[in-house]
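1. I'll drop the sequence and a predicted model, then ask my questions.
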Amino acid sequence: MAARVQTCFALLAAVGDTNLLYRGGVAGARYAGDAASTFLRTGGVGAPDWCERATRVHHEFVDRNLSPGGCADRLAMTLFVDALEAGRTILR
């Protein structure tokens with residue numbers, strides 16, 4: 001799970017997300033990117049309190065009506081391709 005959370009925050013910090021832009025405007029999208037960058041800069045999932053900090057960011061996004069759907073889609077596709085490459089069954 002930690003690798004997925006780290007990847008999600010890395011995407012949020014580096015990639016524009018039109019869903020964030022739509023939901024929160026430029027200020028909301030900037031806030032999300034800054035929150036993700038701060039999470040990563042302060043140790044990301046390598047920090048002992050990473051889970052609590054990630055949860056706090058999640059709650060801040062909910063409070064601000066921010067939904068990083070574009071980044072979530074990118075993460076989902078990354079996990080899908082990874083599973084395919086590893087030969088894991090995806091669809092049942």
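-> On my side now, so go ahead.

2. please make it C-alpha for all contacts and neighbour counts, starting now.
-> Fine.

3. dump the residue contacts of the nearest residue to Leu84 once chain neighbours are set aside.
-> Closest residue to Leu84 apart from its sequence neighbours, by Cα to Cα, 6 or more residues apart in numbering: Ile90 at 7.3 Å. Contacts for Ile90 (Cα atoms under 8 Å, 6 or more residues apart in numbering) come out as 80, 83-84.

4. try it again with 10 Å
-> 80-81, 83-84 (Cα atoms under 10 Å, 6 or more residues apart in numbering).

5. how about Gly46?
-> Neighbours of Gly46 in contact, by Cα under 10 Å, 6+ apart: 2, 6, 40.

6. what pLDDT does it get?
-> Note for Gly46: predicted pLDDT of 98.

7. again with Thr78
-> Per-residue confidence (pLDDT) for Thr78: 93.

8. cool, Ile90 as well?
-> 71.

9. which residue ranges of the chain form strands?
-> Using DSSP state E, the chain contains no strands.

10. filter the contacts of Gly46 down to the buried ones, ChimeraX style.
-> Of those, the buried ones go into a single ChimeraX selection, burial set by 16 or more other Cα atoms under 10 Å:
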select :6,40
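
11. now the residue nearest to Leu84: how far from Arg56?
-> Distance of Ile90 to Arg56, computed by Cα to Cα, to the nearest Å: 31 Å.

12. longest helix anywhere in this structure?
-> helix 18-41 (DSSP state H).

13. and that one, what does it pack onto?
-> helix 2-14, helix 50-63, helix 69-86 (3 or more Cα pairs under 10 Å, 6 or more residues apart in numbering; DSSP states H and E).
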